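**Student:** Provide a 3D model corresponding to the input given below.
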Amino acid sequence: MRSGKRFIGVLTVWLISNLAWAAEPRQVVIDIPTFDNSEPQNYYLDLLRLALEESKAPDEEIVFRYARWPYSQARWVYLLQHDTGNQVIWTMTSKHRESLLLPVRIPLFRGLFGKRVFIIRKQDQARFDKINTLEDLSQLVAGQGMHWPDVDVLQANNLRVTTANRSGSLIKMLKAERFDYYPRAVTEAWHELSSLDDDELVVERGLMLEYPTAVYYFVSPKNTALAERIESGLVSLIKDGRFDTFFNEHPRVKQGLAELNAGPRRLIQLENPGLPDVWPPPGARYWIDKDGPVEARTDRGGVSR
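**Tutor:** Numbering: from 1, shown residues only. Down below sits the predicted model:
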């Protein structure tokens with residue numbers, strides 16, 4: 001009788017332990033980069049999680065594993081080429097980058113990333129009030145990260161550019177008068193400036209550059225399954241309207257559009273010779289109105305489109 005009780009006790013422990021093991025979720029680990037700047041990444045991370053959870057199995061748990069050390073965009077692109085796991089980065093697309101990595105061709109900011117305003121020194125606003133054309137702007141110097149695709153865009157349109165190896169150095173260089181203006185996407189400029197809490201810098205109030213581009217998620221060329229999973233999730237979010245809700249309610253987007261709509265801007269349009277072969281990505285619902293949400297007077301500066 002005693003042995004029977006012992007058997008039942010052992011069986012009970014075995015069943016409980018196996019039920020606990022079975023209840024543990026299967027982790028899907030996604031490796032997330034850390035960039036060498038202070039730009040908040042919540043927009044990309046929150047949207048990525050929503051997309052991945054669209055195809056999440058009942059026993060799955062999506063886990064983001066963050067890189068220990070920050071690197072530049074160029075370094076992450078290099079590392080991702082040789083990655084054999086589930087690493088994801090987000091960056092502006094270009095023909096060169098799409099030749100190295102596998103893009104998920106859904107624009108994460110719906111076209112807003114190509115609308116650029118300038119962070120400038122506060123005392124320089126009067127200089128920019130006199131700029132109306134691309135030729136006028138070419139007399140000044142922009143600052144950008146060394147390996148950003150934007151550098152090629154600006155230089156192809158005869159704009160002068162000073163670069164920094166680490167993007168975190170650009171604000172210091174601007175304040176030190178190493179260049180005159182720091183072009184940032186409308187989803188970046190005000191958000192970044194508010195985090196700096198620096199009274200010497202402002203967002204220039206009257207101009208905007210515009211060129212065709214987009215930010216995509218990218219994965220290793222070897223990981224088509226992950227690319228397809230992210231794309232499928234984003235398409236699902238677009239179809240049922242949750243992408244629109246996420247986009248329209250996100251603080252970065254709301255702040256950028258509110259500031260832009262506060263008044264008209266003189267618009268200077270640029271060519272982007274580095275566009276990938278597949279452009280624009282298919283799907284009208286991926287984009288906001290092609291003319292943008294802002295009132296603007298257009299100057300093409302002699303650049304045909």
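
**Student:** what packs against whichever helix or strand Leu170 is part of?
**Tutor:** Using DSSP states H and E, Leu170 sits within helix 170-175. Counting contacts by 3 or more Cβ pairs under 8 Å, 6 or more residues apart in numbering; DSSP states H and E, helix 170-175 is packed against strand 115-121, strand 141-145, strand 160-164, strand 182-185, strand 201-203. The way it works is simple: take the backbone N, C-alpha and C, and place the C-beta from them, glycine included.

**Student:** mind putting those strands into JSON lines with mean pLDDT?
**Tutor:** Listed next are the helices and strands packed on helix 170-175 as JSON lines, based on pLDDT from 0 to 100:
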{"stretch": "strand 115-121", "mean pLDDT": "98"}
{"stretch": "strand 141-145", "mean pLDDT": "97"}
{"stretch": "strand 160-164", "mean pLDDT": "97"}
{"stretch": "strand 182-185", "mean pLDDT": "97"}
{"stretch": "strand 201-203", "mean pLDDT": "97"}
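
**Student:** to Phe35, which of those lies closest?
**Tutor:** Shortest distance between Phe35 and the helices and strands packed on helix 170-175, using Cβ to Cβ, is found for strand 141-145: 9.8 Å.

**Student:** would you mind listing the buried residues in the closest one?
**Tutor:** 142-145 (16 or more other Cβ atoms under 10 Å).

**Student:** who touches it?
**Tutor:** 72-73, 150-151, 154, 159-164, 166-167, 170, 173-174, 178-183 (Cβ atoms under 8 Å, 6 or more residues apart in numbering).

**Student:** repeat the analysis, applying 7 Å as the threshold.
**Tutor:** Here strand 141-145 makes contact (Cβ atoms under 7 Å, 6 or more residues apart in numbering) with 73, 150-151, 154, 159-164, 167, 170, 173-174, 178-183.

**Student:** so among the residues you listed, which ones count as buried?
**Tutor:** Judged by 16+ other Cβ under 10 Å, buried ones among the contacts of strand 141-145: 73, 150-151, 154, 159, 161-164, 167, 170, 174, 179-183.
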